[in-house]
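J.: below: sequence and its predicted model.
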Amino acid sequence: MKFLPRGLVTYAVTHPVHAVILARAGWSLRRRRWWRHAPFLPIPDERYWYFRMSTATGDGSGTVDISEALAAARWSLRQVSKR
């Protein structure tokens, strides 16, 4: 999948504590009513993902590495817990 950092699945399997953090943060990015549209997976909408990558990297086609994804996931969960 083009929106996952390279090696993220392997990293998550070998670091289960971080896998939980990444999964919780990733769940918040899912497309609304994802079960109604193919491919029937809780993945982000392409336009939303382009916007997120544009604001994160300055280029919508840019990529982030695993450490950046983990830092963003931790930050996102801290913001939710402050509410």
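T.: Arrived safely, thanks for sending.
J.: element containing residue 20?
T.: helix 16-27 (DSSP states H and E).
J.: what's that helix in contact with?
T.: Applying CB atoms under 8 Å, 6 or more residues apart in numbering, the contact partners of helix 16-27 are 8, 11, 12, 13, 42, 69, 70, 72, 73, 74, 76, 77. All C-beta atoms are positioned from the backbone trio N, CA, C, and that covers glycine.
J.: mean confidence for it?
T.: On average, the pLDDT along helix 16-27 is 90.
J.: how about that helix: buried residues?
T.: Residues of helix 16-27 classed as buried: 18, 21, 22, 25, 26 (neighbour count, 16 or more other CB atoms under 10 Å).
J.: now distance to residue 34 too, for the residues you listed, in TSV please.
T.: Formatted as TSV, the buried residues of helix 16-27 follow (distance: CB to CB, whole Å):
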residue	distance to residue 34
18	24
21	21
22	18
25	16
26	12
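J.: and the strands in this protein, which stretches?
T.: Using DSSP state E, no strands are assigned anywhere in the chain.
J.: residue ranges with poor pLDDT in it?
T.: 1-3, 83 (pLDDT under 70).
J.: which helix runs longest in it?
T.: Assignment by DSSP state H gives helix 66-81 as the longest helix of the chain.
J.: how about that helix: buried residues?
T.: By neighbour count on 16+ other CB under 10 Å, the buried set for helix 66-81 is 66, 69, 70, 73, 76, 77.
J.: and stretch 43-52, by the same measure?
T.: Buried positions in stretch 43-52, judged by neighbour count with 16+ other CB under 10 Å: 43, 44, 49, 52.
J.: could those residues go into JSON lines alongside distance to residue 59?
T.: Putting the buried residues of stretch 43-52 into JSON lines (distance: CB to CB, whole Å) gives the following:
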{"residue": "43", "distance to residue 59": "20"}
{"residue": "44", "distance to residue 59": "17"}
{"residue": "49", "distance to residue 59": "13"}
{"residue": "52", "distance to residue 59": "12"}
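J.: next step: these restricted to helices.
T.: Per DSSP H, the buried residues of stretch 43-52 map to helices at 49, 52.
J.: out of the buried residues of stretch 43-52, who's nearest residue 36?
T.: residue 43 (13.3 Å; CB to CB).
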